[in-house]
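*Asks:* Compute the structure for the input listed below.
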Amino acid sequence: MKRSEINTIIREADAFIKAHGFYLPPFAYWSPEDWRRKGPEAREIVARRLGWDITDFGLGDYAHKGLFLFTIRNGAPENLKTGRGKVYAEKLLIVGEGQLTPLHFHWLKTEDIINRGGGRLLIQLYNSTPEGELRDDDVTVMIDAVPRTVKAGGTVALEPGESITLEPYCYHQFWAEGNRVLVGEVSSVNDDATDNRFYEPIGRFPAIEEDEPPLYLLVNDYEAYYRG
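*Replies:* All right, here's what the predicted structure looks like:
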């Protein structure tokens, strides 16, 4: 992805988020120069990978296979072992109409995906074998605490205000219909380095062509700017 494309996506996403009455934390708007001056006070942001996260999954077609994310809060994986500290995470996503997030599950993370406004969010579901293959049995999920069962490969649609709970080993891919969707994610601790299992091997972060300076840093930019 070109940096100019990423900057445009950030500007449009920020306006879309605010139009829905949601506001991001102050660190969202730290400039690259601000990041160069930050010290120990920013360590949790960097360590927990909080902030802007835009990906085309390494496929070079963001409009059709891509996702906008902003991680607002996140704990450490070791917190899950002790039961202390932050054992949770929260993200904001924007899913474009017809923009696919490819089929994947999480080894450990349980998450609630919430339609916060816009169009409908369509989610296709499969159970997984322990080896990561697709099962052909029915899938039962909780939609706002009420069970719903669909055939393998079946789709559920979330209207604004509705949510789904996705547990480990539940394959899912999603896209928006009717309009782009502002999506909330509330989950156990998020670890993008080890906890994502994509059905087809793809990249999690994009390769970036630096055709202009960053507007704001992505989470995968921190190492190049932060010295704290």
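*Asks:* which helix is the longest one in this protein?
*Replies:* In the chain, taking DSSP state H as the definition, the longest helix is helix 3-19.
*Asks:* next SSE after that one?
*Replies:* Counting by DSSP states H and E, the element after helix 3-19 in chain order, helix or strand, is helix 32-37.
*Asks:* How far off centre is that following helix?
*Replies:* 25 Å (C-alpha atoms, centre = their mean, to the nearest Å).
*Asks:* Go through that helix and flag the buried ones.
*Replies:* Trp35 (16 or more other C-beta atoms under 10 Å). Any C-beta I mention is one placed from the backbone N, CA and C, and that applies to glycine too.
*Asks:* Give the other helices and strands that that helix contacts.
*Replies:* Helices and strands touching helix 32-37, by 3 or more C-beta pairs under 8 Å, 6 or more residues apart in numbering; DSSP states H and E, are helix 222-225.
*Asks:* which other residues reach the helix it packs on?
*Replies:* Residues from elsewhere that reach helix 222-225 (C-beta atoms under 8 Å, 6 or more residues apart in numbering): 32, 35-36, 46, 51, 217.
*Asks:* And for stretch 201-212?
*Replies:* 1-4, 6-7, 54-59, 62, 102, 192, 196, 220.
*Asks:* Would you mind writing the CA trace of it as CSV?
*Replies:* Taking Å, rounded to 0.1, in the frame of the first residue of the first chain, the C-alpha atoms of stretch 201-212 are listed here in CSV:
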residue,chain,number,x,y,z
PRO,A,201,-1.8,-18.1,4.1
ILE,A,202,-1.8,-14.3,3.8
GLY,A,203,0.0,-11.4,5.5
ARG,A,204,-1.3,-9.6,8.5
PHE,A,205,0.4,-6.3,7.8
PRO,A,206,0.9,-4.4,4.5
ALA,A,207,4.1,-3.6,2.7
ILE,A,208,4.2,0.2,2.5
GLU,A,209,5.5,2.4,-0.3
GLU,A,210,6.6,5.7,1.3
ASP,A,211,5.4,8.1,-1.3
GLU,A,212,4.7,10.8,1.4
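*Asks:* which of the residues in it are buried?
*Replies:* Of all the residues in stretch 201-212, those buried under the rule 16+ other C-beta under 10 Å are 202, 205-206, 208.
*Asks:* What ranges does this structure have for its strands?
*Replies:* Ranges of strands in the chain, per DSSP state E, are 51-55, 67-74, 88-95, 101-106, 111-127, 139-143, 146-150, 155-158, 163-166, 170-188, 196-198.
*Asks:* least trustworthy helix or strand in the chain by mean pLDDT?
*Replies:* Confidence across the helices and strands of the chain bottoms out at helix 77-82, with a mean of 93, counting by mean pLDDT, DSSP states H and E.
*Asks:* which residues touch that helix?
*Replies:* With C-beta under 8 Å, 6+ apart as the criterion, helix 77-82 contacts 85-87, 108, 188-189, 191.
*Asks:* same thing with stretch 83-94?
*Replies:* With contacts defined as C-beta under 8 Å, 6+ apart, stretch 83-94 is touched by 13, 16-17, 22, 24, 67-76, 79-80, 109, 116, 180-190.
*Asks:* from the buried residues of stretch 201-212, which is closest to Val139?
*Replies:* Val139 lies nearest to Ile202 out of those, by C-beta to C-beta, at 22.3 Å.
*Asks:* wouldn't Asp14 be in contact with Leu24 here?
*Replies:* Yes - counting by C-beta atoms under 8 Å, Asp14 touches Leu24, with 7.3 Å between them.
*Asks:* Once you drop chain neighbours, what's closest to the residue nearest the centre of the chain?
*Replies:* With distances taken as C-alpha atoms, centre = their mean, the chain has Leu69 as the residue nearest its mean C-alpha position (4.5 Å). Excluding the flanking residues, the one nearest Leu69 by C-beta to C-beta, 6 or more residues apart in numbering is Asp53, at 4.1 Å.
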